[in-house]
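Enquirer: quick one, fold the following:
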Amino acid sequence: MLQYLVSIVVKSILACVVVGYIAMNEQAGQARVGQHQTVQGQMMADIQSSSPTEPQGIRGRVVQLTGNFMPRGGRSGDRQSQQPVQTTVWIFSGQISGDSPRWAVQEAEHHAQLLGQVTSDAHGEFWVELPAGSYTLMAQYDTDLYLNSFSGDGYYTSVDVRPGEVADVTLTNHEQATF
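Expert: This is a model prediction of the structure:
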C-alpha cells in the first residue's frame, strides 16, 4: 500500500514538472498550452505543437492499415492501404498497464498519469516537446484510445525521450488489416 501511494505521488510530481516545463516553453514561443474542460469539468492541458529551436520530445505519425497484408509471391498488390489519421494523441507519463488495445476515453481522461493531448495533422504527423522521461502515447478513435503495442510485461509500449533528442514513433491501427 505504501509503495502504491509513493508511486502515485511520484507520478503526480512528474506531471506537474511536465506541465511547468511546457508552460515555461510557451513563454519562449516554443509551445502553447491551453486549458479546456473535459466532459466531467476536469481541467486538462492541451499541448499544441510547434517547431522548437532545440528539439527534445516526440515526433510521430498516426496511420491506419486496411486490407490484405498477407505476403504473396511476385506481385505487390493494391489489396492494402496505409492511410494517415488526423486525430487526438493522448500523452501519459511513464508506463500504463493494459491488456486490450482499446481504452475508453471516459476512463482515460481521469487517469493520474494523463499529461495532455496533441492533434495530428492531415498527414497524421505530430510533434510535442517534452522533458526527458518515459511516455505512453495513444491515438483516439471515436470514444476509445487505441494502442496495439505491448511491452510483454502487462504494459503498453512506452517511448523514452532522452536529453537533447527527439524520439520517433508511429502509432499504427491495424484492426482492419489482415496479416
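Enquirer: sheet partners, orientation included, of the helix or strand Gln82 falls within?
Expert: Using DSSP states H and E, Gln82 maps to strand 80-84. Strands adjacent to strand 80-84 in the sheet, as given by DSSP bridges, are strand 57-68 (antiparallel).
Enquirer: what's the burial count for Thr157?
Expert: 15 (other Cβ atoms under 10 Å). All C-beta atoms are positioned from the backbone trio N, CA, C, and that covers glycine.
Enquirer: what distance do you get for it to Gln106?
Expert: Relative to Gln106, Thr157 is positioned 23 Å away (Cβ to Cβ, to the nearest Å).
Enquirer: then Gln117?
Expert: Distance from Gln117 to Gln106, by Cβ to Cβ: 15 Å.
Enquirer: repeat that for Tyr135.
Expert: Distance from Tyr135 to Gln106, by Cβ to Cβ: 22 Å.
Enquirer: and those two? which has more neighbours close in?
Expert: Counted by other Cβ under 10 Å, Tyr135 and Gln106 do not tie: Tyr135 has more neighbours, with 24 against 12.
Enquirer: so what's Ala104 bridging to?
Expert: Applying DSSP bridges, one finds that Ala104 bridges with Asp144.
Enquirer: again, but for Arg59
Expert: Going by DSSP bridges, Arg59 forms beta bridges with Trp127, Asp168.
Enquirer: then the one 5 residues further on?
Expert: Beta-bridge partners for Gln64, by DSSP bridges, are Gln83, Asn173.
Enquirer: for it, what are its contacts?
Expert: 82-83, 85, 172-174, 176 (Cβ atoms under 8 Å, 6 or more residues apart in numbering).
Enquirer: quick one: pLDDT of it?
Expert: Among the per-residue scores, Gln64 holds a pLDDT of 93.
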